[in-house]
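K.L.:
What follows is a protein structure lacking sequence information:
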């Protein structure tokens, strides 16, 4: 009797929940940094490239060489690839409706980068909005990251 | 008008594309070990799921809309506004991926939307 009880105790499922949380949060942390940095670098290079002319077709090539000729846009694209890889890996283990809103912490990063790097003005109300977004993410964090099972 | 069309492209088509990625990853399986090799193998397997290509096509469309919009709008304005896609994302999560969005999560999503609205108002 006692042995059986001990056996069931020791074969009890490992605390996989905390591992799931740790993996998910790590990937979201990568997303939160890589996404905004990518967007910022692309925005910087687009502004630097000036007006984007898509018509007439003859204007396409000069536009493309101007936009894709800078190193900045390629680093930006690499950041966005990092973002999407982390996103896909996160989605392999957690809900879309968990990961997508949790990545909203990146919007705070966007405003901070826009303010300090692009020297855009960020009004107090916009900061409040970003604070509310972060508050919402805190609520989402209280829910279990995964509510579905893998199809077998 | 062009701005509005571009926003719709980014929010609706972009989110639908991400939902397709979610579907593809769900069908591929879970990342068991936090190692680059395991991650690469998982992503490689995911490339054989049709949903990934539908998702990538939609996201590409949304991405070029974003590029165009960023060329004449401020980055800290454009990017937060795309967070409206949370509502589309939650509904897609429920109906397309079969996720359970409980009350706490809805509250969080609504707060995110309120935050986004404040960001919008602050810009007008």
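P.N.:
It's in. Everything numeric in this text was worked out from a predicted model, so none of it was measured.
K.L.:
So for the chain, the centremost residue is which one?
P.N.:
All of this refers to chain A. residue A:31 (2.9 Å; CA atoms, centre = their mean).
K.L.:
meant chain B, my bad for not saying
P.N.:
Relative to the mean C-alpha position of chain B, the nearest C-alpha, by CA atoms, centre = their mean, is the one of residue B:15, at 3.7 Å.
K.L.:
mind checking which helix or strand residue A:22 is in?
P.N.:
In this assignment (DSSP states H and E), residue A:22 forms part of helix A:16-49.
K.L.:
So for that helix, mean pLDDT?
P.N.:
Summarised as a single mean, pLDDT over helix A:16-49 is 86.
K.L.:
Toward the C-terminus from it, list the very next helix or strand.
P.N.:
Downstream of helix A:16-49 (by DSSP H and E), the next one is helix A:60-68.
K.L.:
average pLDDT across that next one?
P.N.:
The model assigns helix A:60-68 a mean pLDDT of 81.
K.L.:
Would you mind getting the angle between that helix and helix A:16-49?
P.N.:
Relative orientation of helix A:60-68 versus helix A:16-49 (axes from the mean of the first three to the mean of the last three CA atoms, to 10 degrees): 120 degrees.
K.L.:
residues in contact with the next helix or strand along the chain from helix A:60-68?
P.N.:
Proceeding N to C from helix A:60-68, the next assigned helix or strand is helix A:71-91, under DSSP H and E. Residues from elsewhere that reach helix A:71-91 (CB atoms under 8 Å, 6 or more residues apart in numbering or on different chains): A:24, A:27-28, A:30-31, A:34-35, A:37-42, A:44-46, A:48, A:67-68, A:99, A:103, B:18, B:21-22, B:24-26, B:31, B:39, B:42-43, B:46, B:59. Just so you know, the C-beta spots here come from the backbone N, C-alpha and C atoms, and that holds for glycine as well.
K.L.:
And the average pLDDT for helix A:71-91 is what?
P.N.:
93.
K.L.:
Kindly report the same for stretch B:102-117.
P.N.:
89.
K.L.:
least trustworthy helix or strand in chain B by mean pLDDT?
P.N.:
The helix or strand of chain B with the lowest confidence, counting by mean pLDDT, DSSP states H and E, is helix B:75-81 at a mean of 65.
K.L.:
What ranges does chain B have for its helices?
P.N.:
Assigned by DSSP state H, the helices in chain B fall at B:2-8, B:14-28, B:36-46, B:50-70, B:75-81, B:85-95, B:103-123.
K.L.:
For these, give me CSV that also has distance to residue A:108.
P.N.:
Shown next, in CSV, are these (distance: least, CB to CB, whole Å):
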stretch, distance to residue A:108
helix B:2-8, 21
helix B:14-28, 20
helix B:36-46, 27
helix B:50-70, 19
helix B:75-81, 9
helix B:85-95, 15
helix B:103-123, 10
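K.L.:
can the ones you listed go into TSV with extra columns for distance to chain A?
P.N.:
Conversion of the helices of chain B to TSV gives the following (distance: least, CB to the nearest CB, whole Å):
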stretch	distance to chain A
helix B:2-8	12
helix B:14-28	4
helix B:36-46	6
helix B:50-70	5
helix B:75-81	3
helix B:85-95	3
helix B:103-123	3
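K.L.:
Which one of the ones you listed lies nearest to residue A:121?
P.N.:
Across the helices of chain B, residue A:121 has its closest neighbour in helix B:75-81 (9.0 Å, CB to CB).
K.L.:
Tell me, how many residues neighbour residue A:90?
P.N.:
28 (other CB atoms under 10 Å in any protein chain shown).
K.L.:
Could you find the closest non-adjacent residue to it?
P.N.:
residue A:27 (4.0 Å; CB to CB, 6 or more residues apart in numbering or on different chains).
K.L.:
who touches that neighbour in this structure?
P.N.:
So residue A:27 contacts A:86-87, A:89-90, A:99 (CB under 8 Å, 6+ apart).
K.L.:
Kindly recompute the last result at 6 Å.
P.N.:
A:86, A:89-90 (CB atoms under 6 Å, 6 or more residues apart in numbering or on different chains).
K.L.:
on that earlier part again, would you confirm that the residue nearest to the centre of chain A contacts residue A:103?
P.N.:
Yes. Taking contacts as CB atoms under 6 Å, residue A:31 lies within contact range of residue A:103: 4.9 Å.
K.L.:
can you list the weak-confidence ranges in chain B?
P.N.:
Applying pLDDT under 70 to chain B flags residues B:75-77, B:79-83, B:120, B:123-124.
K.L.:
Perfect, I'm done here.
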